[in-house]
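1. dropping the sequence and predicted coords here.
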Amino acid sequence: GQQVMQIPQYQHVQEGEDFTTYCNSSTTLSNIQWYKQRPGGHPVFLIQLVKSGEVKKQKRLTFQFGEAKKNSSLHITATQTTDVGTYFCARRNTGGFKTIFGAGTRLFVKA
Amino acid sequence: SQTIHQWPATLVQPVGSPLSLECTVEGTSNPNLYWYRQAAGRGLQLLFYSVGIGQISSEVPQNLSASRPQDRQFILSSKKLLLSDSGFYLCAWGDGRTYGYTFGSGTRLTVV
């Protein structure tokens, strides 16, 4: 299937440090979505990007969609303990019926 | 507003026993409904999805089945559970257009 690959698998940071997770595809994506799952919780939709080179911000979170629409990134500025969790990228197929998730990047923040 | 209900929150079942997990959605009509499974510390595996009453698409052949008896009800079942069926089962709904999925709070299933 057309998977999306996420790196890194895990990231440990000190509170206040920045964090970035990357999502890559071998094929062109029509869209990329990002979700956050807190420990013990369920995934929560954060954002969807559809345009080449698109950049969107949500407070300390910056989401980018690559020019070639084959990669995306999520950057968190000055992490806080509330940022702890797993961040998933996902691609929705062209027909819109299915969304395939990456393996996720688990973020640990040390106070 | 739309809400999604999933129960039970946790379940411990013996090997060979049946399973029925239910998911209902409120505040929307004709939603696309999904069942995902997440193994401990792992990603989300799409199991089934449905775009309408009585319609089920299976993504992974296995020991599970799904049904959609009503527009906003989605059921995950098994006749005989295996140890490998343990995991975190998540129901989700989406409109298939602009926005991402809304997930239920999930069911943690342990098969013993």
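-> Everything's here; your move.

2. phi, psi for the residue in chain B that chain A sits nearest to please.
-> Closest residue of chain B to chain A, Cβ to the nearest Cβ: B:Gly100 (3.3 Å). Yep, even glycine has a C-beta here, placed from its N, CA and C like the rest. Dihedral pair for B:Gly100: phi -80, psi -170, per degrees, to the nearest 10.

3. what's the answer for A:His42, then?
-> Given degrees, to the nearest 10, the pair of backbone angles that A:His42 has is phi -110, psi 160.

4. in the sheet, who's paired with the nearest residue to it once chain neighbours are set aside?
-> Excluding its sequence neighbours, the residue lying closest to A:His42 (Cβ to Cβ, 6 or more residues apart in numbering or on different chains) is B:Phe103, at 4.2 Å. B:Phe103 has these beta-bridge partners by DSSP bridges: B:Ala92.

5. can you get me a residue count around B:Phe103?
-> 24 (other Cβ atoms under 10 Å in any protein chain shown).

6. next one: B:Leu11
-> B:Leu11 - counted by other Cβ under 10 Å - has 17 other residues nearby.

7. now it: closest residue in space, sequence neighbours ignored.
-> B:Leu109 (5.0 Å).

8. and the residue of chain B closest to chain A, what's its pLDDT?
-> For B:Gly100, the pLDDT comes out at 89.

9. just the pLDDT for the closest residue in space to it that isn't next to it in sequence.
-> Leaving aside its chain neighbours, B:Gly100 sits nearest to A:Phe45 (3.3 Å; criterion: Cβ to Cβ, 6+ apart). Per-residue confidence for A:Phe45 comes out at a pLDDT of 95.

10. three-state assignment of A:Phe45?
-> When classified by DSSP: H, G, I helix; E, B strand; the rest coil, A:Phe45 comes out as strand.

11. just the strands in the chain please.
-> Went with chain A since none was named. Remark: strands assigned in chain A by DSSP state E are A:5-7, A:10-14, A:19-24, A:32-37, A:43-49, A:55-58, A:61-65, A:71-76, A:85-92, A:99-101, A:105-110.

12. could you do chain B instead?
-> According to DSSP E, the strands that chain B contains are B:3-7, B:10-13, B:19-26, B:32-38, B:44-52, B:55-58, B:65-70, B:73-78, B:87-94, B:102-103, B:107-111.
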